[in-house]
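In: sequence first, predicted coordinates after that:
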Amino acid sequence: MIRKILVTPTLAGSNGSASGSKSTDAPHNGRLVGVHVAPGDQPNTLDVTIKALLPDQTLLTLTNVSAAAWYYPTVQVSGPTGAALTYNGTQTVNAPAPLEGYINVAGAQGNAGTFDVYLLIES
């Protein structure tokens, strides 16, 4: 089952340098399979960072977001020895990031106000 979670951070500060963050209202477990960022009236200098909390893991970092778009973040898979897996020595093996806990969405270099982020979590 895929759940869609809306997170709406509020940015505070001077236009062009406002920042802020918001975490999900509840913990989530599963895999992050998609992210939709809708900057709304934010300027094209908006930077967005999405992190899983405890342990702190950056899932997606975007700079200068100028339009609404979908993203499908993945992480590189490790083998039984902890070494990163590849298909042929150069092409990495990736999968959706596993989640357990709260997810934080942060914005920086924006204007005072809000923007929307939809998280698609598969459980």
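Out: Looks like it came in fine.
In: contact partners for residue 80?
Out: Listed by Cβ atoms under 8 Å, 6 or more residues apart in numbering, residue 80 has no contact partners. In short, each C-beta sits where N, CA and C put it, glycine included.
In: so residue 27 is in contact with residue 121, correct?
Out: No - Residue 27 is not in contact with residue 121 according to Cβ atoms under 8 Å; the separation is 10.9 Å.
In: what about the two, which has more around it?
Out: When neighbours are counted by other Cβ atoms under 10 Å, residue 27 and residue 121 differ, and residue 121 comes out ahead with 20 against 13.
In: what about that one, helix or strand, and which?
Out: strand 116-122 (DSSP states H and E).
In: and that strand, what does it pack against?
Out: Strand 116-122 is packed against strand 2-7, strand 28-38, strand 46-52, with contacts defined by 3 or more Cβ pairs under 8 Å, 6 or more residues apart in numbering; DSSP states H and E.
In: could I get the average pLDDT for that strand?
Out: Mean per-residue pLDDT for strand 116-122: 98.
In: tell me the buried residues in the helix or strand hosting residue 98?
Out: If you go by DSSP H and E, residue 98 is part of strand 97-101. For strand 97-101, a neighbour-count test (16 or more other Cβ atoms under 10 Å) marks 97, 99, 101 as buried.
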